[in-house]
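Student: Here is my input; please provide its structure:
(6 chains)
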Number of protein chains: 4
Amino acid sequence: MEIKKDKKINKINNNQLFRRDIILTAALEIFAQRGYQKALVTEIARRAGVSEATIYKEFKDKEDLLHAIPEKIMPEATSQLALHMQGIKGALNKFRKFLWFYLYFFETNKDWATVVLLQIKPNPRFIKTTAYQLIRKFTRILIDILEEGKQEETIRKNLDNNLARHIIIGGIEHITTRWLLLGKPRSILSYADELFELFVRAFGSENAYKPDL
Amino acid sequence: MEIKKDKKINKINNNQLFRRDIILTAALEIFAQRGYQKALVTEIARRAGVSEATIYKEFKDKEDLLHAIPEKIMPEATSQLALHMQGIKGALNKFRKFLWFYLYFFETNKDWATVVLLQIKPNPRFIKTTAYQLIRKFTRILIDILEEGKQEETIRKNLDNNLARHIIIGGIEHITTRWLLLGKPRSILSYADELFELFVRAFGSENAYKPDL
Amino acid sequence: MEIKKDKKINKINNNQLFRRDIILTAALEIFAQRGYQKALVTEIARRAGVSEATIYKEFKDKEDLLHAIPEKIMPEATSQLALHMQGIKGALNKFRKFLWFYLYFFETNKDWATVVLLQIKPNPRFIKTTAYQLIRKFTRILIDILEEGKQEETIRKNLDNNLARHIIIGGIEHITTRWLLLGKPRSILSYADELFELFVRAFGSENAYKPDL
Amino acid sequence: MEIKKDKKINKINNNQLFRRDIILTAALEIFAQRGYQKALVTEIARRAGVSEATIYKEFKDKEDLLHAIPEKIMPEATSQLALHMQGIKGALNKFRKFLWFYLYFFETNKDWATVVLLQIKPNPRFIKTTAYQLIRKFTRILIDILEEGKQEETIRKNLDNNLARHIIIGGIEHITTRWLLLGKPRSILSYADELFELFVRAFGSENAYKPDL
DNA sequence: GATGAATGAGGCTTCATTCAT
DNA sequence: GATGAATGAAGCCTCATTCAT
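Tutor: The predicted model follows:
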């Protein structure tokens, strides 16, 4: 009897987690297609195959639903990145991979790129959300790589990590935003190597700097 | 009689231009405070001291009003920049000034920064507007500076101008966006020199590159 | 379970049909009182005891609501007429009844008369609506009666059915329109016999024509 | 000096009369094209080549402008009809001409037909206007013809003039309304002879009635 | 626990009318 | 006397959210 009960509870919890994911997936698609304001909760509910009331069971309001999306995506991104980082030695090699992955993840998750860059980040409430913390945590990996580079003496010790992060993330996101808005076919992944070269010139120590990189 | 008529016409035109400016100024403030969606046309009208109907005489609809703001600001920015550029020789010196000015203009026009970075640029329709063309034209100045540097051989000839623009504009706008959202007191102008150093390392030729810049 | 479901569906359908009828009844009253343009959707909603949003669930817009009224009334009129026609033999007798019913229906449904004659029929979009088809279908009954009369040889074979319809319907509606606008107390039903006499003179064959009718 | 003044006053009055006519002509066109509600006063002013304020100098409001149109058209129609009636003897011949003229005037003044049948007559205020009196006066001519026919004994003495007027005017206007709304190419004038035949059967005395008319 | 019908609340936009010039 | 720029006033319609079933 007890076991049965537990099973039921687990099942329910699983269903609920599952349901939450389904809603978030639907929301991501609709927000990407229509934009946050023009997206209708009704439409998200329909796409998710649940009722509107169910959405309001899971999320406080429409904005909460928007900000919950990164809570689903970022852990996935983080674990994928961790996997990609395995077996890579040297800060610069890790940095190159990081650039590649950031672009790769946007390119292969265009809806996500659209929603996070055009709808979540420009929202003034974004910085107060858990989503903001998760994204900070992700870019913290970049800071760690830069620090590792400083230890290795392949990255200049006097580099301001924050400033570096600004131009790395800012640059990548600017590229991605134009790619999204202009609908250009060129793969943004193709920028990875050139970006790496530029950034190594900017951040690298004498040791690391190779004019004919 | 003719003179009288002309005067009248001039006055009317002046009033209309004046009125248009007043509305745009009010709209800039309200959009910056509330965001585009939450901004009320009523509130903009009240702030501008005109009726709502007058706004709709000047602008097709609320979105047209949003996109008309850059058409007022960008020419001002461009002419101010032109003034600042006078008497400066050398592509790197011009580039330093450009960085400074971009940050300076955002810092001293915070409402503009808020509206253009958080409301206009993320809007998918932005790239179809005249505003987009005006902003492109402004960043074209940056490209010209980079080209001049290539001529002087202070900028690497193999630098991809577009990529450079992405990380320069992307970097500056990322800094500004965080400054706006986090409400940090630190002046973004203080980033100018460090940014210049980083970018010269990234873009400069052997001639230009000075480790102890 | 299935039965329950069906019951629920039926109930919902019934409610929806019911609700639609209630709205249409309210709309008919308000349109008749105020005219289409001056009628407020708010007022119709209040009279119907529903919210405005509910009205827009049922009807695309205010004009759709107007043109939906005949879709409710005309089938009622048609079935009532069918009932009245039962047990009547001879085209002229049927024709007399038709005239009587047309006037009777307007007289006893004054709001309907007001809305159809003063608001729906003068609307240029009317002829593109389903409502137009329903009303055509109703007057088709008149054509059938005239045809029957030709078979019987009580109606002239060379009568142009369309022309006859024009002066019958035109005549009745002119009478009704003046009655509505002038607010005269005289029952329009009292015109039935005289109209019949006139029309029989006009349309009847030698057999049917009786000077002392 | 006095003479000069008088001339000036006359000129002004003439101008004003002229101006009033120009506005009414413009209004007729715009009302016919767009319908009363959708017609903009601005548009009428532009078409008339005057300012909106001038329109409000001449007419109390938009509705007054609508009802002023018949005050311009009906006297024209009346005098044209009078001319056409000259040299015609016999009530039935006059009646035939009347039918012809009514259709002819609508056919050659389609804008007028549109405005009077679809916009003025369905307006509840119509019967309180001078326009209504003018139109009554015009149809009075029909009554006079019928009376003349009774004197001549070509029209039945027991004919109810009002009822006859209803089916004559109602019939013609029904034909014209369908012609306007359906945009059929067939000339409505072609109905004149058939209508005459029908009406003579309906109204004519034994003397007048000719089966093989 | 899930539903989805119903709505409350409010925004954008329009246009007849006026009045300062 | 004529203008036409300015507006006051209001209406249609939308949609996130809730609650009775």
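Student: these two touch, right, A:I169 and B:T177?
Tutor: No - in this structure A:I169 lies outside contact range of B:T177 using Cβ atoms under 8 Å: 10.4 Å. C-beta here means a position set from N, CA and C on the backbone, and glycine is covered the same way.
Student: Can you tell me which helix or strand of chain A has the lowest average pLDDT?
Tutor: helix A:2-34 (a mean of 74; mean pLDDT, DSSP states H and E).
Student: Output the contacting helices and strands for the following helix or strand past that helix.
Tutor: Following helix A:2-34 in sequence order, the next helix or strand is helix A:41-48 (DSSP states H and E). With contacts taken as 3 or more Cβ pairs under 8 Å, 6 or more residues apart in numbering or on different chains; DSSP states H and E, helix A:41-48 sits against helix A:2-34, helix A:52-58, helix A:62-85.
Student: Excluding chain neighbours, what is closest to A:W112?
Tutor: What sits nearest to A:W112 in space, not counting adjacent residues and going by Cβ to Cβ, 6 or more residues apart in numbering or on different chains, is A:I73, at 5.4 Å.
Student: Next up, the contacts around the one you found.
Tutor: Residues near A:I73 by Cβ atoms under 8 Å, 6 or more residues apart in numbering or on different chains: A:L28, A:N109, A:W112, A:V116.
Student: Pop the domain breakdown of chain A in here.
Tutor: Under the assignment automatic domain parsing, the domains of chain A span A:1-59, A:62-213.
Student: lowest-confidence stretch among those domains?
Tutor: Least confident of those, judged by mean pLDDT, is domain A:1-59 with a mean of 82.
Student: That one close to DNA strand F?
Tutor: Yes - using Cβ under 7 Å from any atom of the strand, we find that domain A:1-59 touches DNA strand F at A:K38, A:A39, A:L40, A:V41, A:T42, A:E52, A:A53, A:Y56.
Student: ok, the fifth one - contacts?
Tutor: When you say that, I think you mean A:T42. Contacts for A:T42 (Cβ under 8 Å, 6+ apart) come out as A:E52.
Student: ok, it to C:A26 distance?
Tutor: 26 Å (Cβ to Cβ, to the nearest Å).
Student: Contacts only, for the residue positioned nearest the centre of chain A.
Tutor: In chain A, the centroid-proximal residue (Cα atoms, centre = their mean) is A:M74; its distance is 5.1 Å. Contact partners of A:M74, counting by Cβ under 8 Å, 6+ apart, are A:A131, A:L134, A:I135, A:K137, A:F138.
Student: at 7 Å instead, please
Tutor: A:M74 sits next to A:L134, A:I135, A:F138 when contact means Cβ atoms under 7 Å, 6 or more residues apart in numbering or on different chains.
Student: Just give me the closest of these to chain D.
Tutor: Of all those, the one with the least separation from chain D (Cβ to the nearest Cβ) is A:I135, at 52.2 Å.
Student: what about that closest one, helix or strand, and which?
Tutor: Assignment of secondary structure by DSSP H and E places A:I135 within helix A:130-152.
Student: now check that helix, is it near chain B?
Tutor: No - using Cβ under 7 Å from any Cβ of the partner chain, helix A:130-152 never reaches chain B; the gap is at least 9.0 Å.
Student: who does the helix or strand harbouring A:V200 touch, helix- and strand-wise?
Tutor: A:V200 belongs to helix A:192-203 when elements are defined using DSSP H and E. Counting contacts by 3 or more Cβ pairs under 7 Å, 6 or more residues apart in numbering or on different chains; DSSP states H and E, helix A:192-203 packs against helix A:91-108, helix A:161-182, helix B:161-182, helix B:192-203.
Student: Spatially nearest residue to A:Q33 (excluding sequence neighbours)?
Tutor: Nearest to A:Q33 is A:A39, by Cβ to Cβ, 6+ apart, at 7.5 Å.
Student: Any chance of the backbone angles for the one you found?
Tutor: Here is the backbone geometry of A:A39 (degrees, to the nearest 10): phi -70, psi 130.
Student: On the three-state scheme, A:E206 is what?
Tutor: Here A:E206 is recorded as coil under DSSP: H, G, I helix; E, B strand; the rest coil.
Student: Now render the helices and strands packed on helix A:192-203 as JSON lines, adding mean neighbour count and distance to D:F126.
Tutor: Formatted as JSON lines, the helices and strands packed on helix A:192-203 follow (neighbours: other Cβ atoms under 10 Å in any protein chain shown; distance: least, Cβ to Cβ, whole Å):
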{"stretch": "helix A:91-108", "mean neighbour count": "20", "distance to D:F126": "67"}
{"stretch": "helix A:161-182", "mean neighbour count": "21", "distance to D:F126": "57"}
{"stretch": "helix B:161-182", "mean neighbour count": "21", "distance to D:F126": "62"}
{"stretch": "helix B:192-203", "mean neighbour count": "22", "distance to D:F126": "75"}
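Student: mind listing what A:E107 touches?
Tutor: By Cβ under 7 Å, 6+ apart, A:E107 lies in contact with A:S187, A:I188, A:L189.
Student: Keep only those of these that are in helices.
Tutor: Taking DSSP state H, every one of the contacts of A:E107 sits outside helices.
Student: now A:F18: how far from A:E71?
Tutor: Applying Cβ to Cβ, the value for A:F18 to A:E71 is 15 Å.
Student: Counting neighbours, go ahead and name the busier of the two.
Tutor: More crowded of A:F18 and A:E71, by other Cβ atoms under 10 Å in any protein chain shown: A:E71, with 15 against 10.
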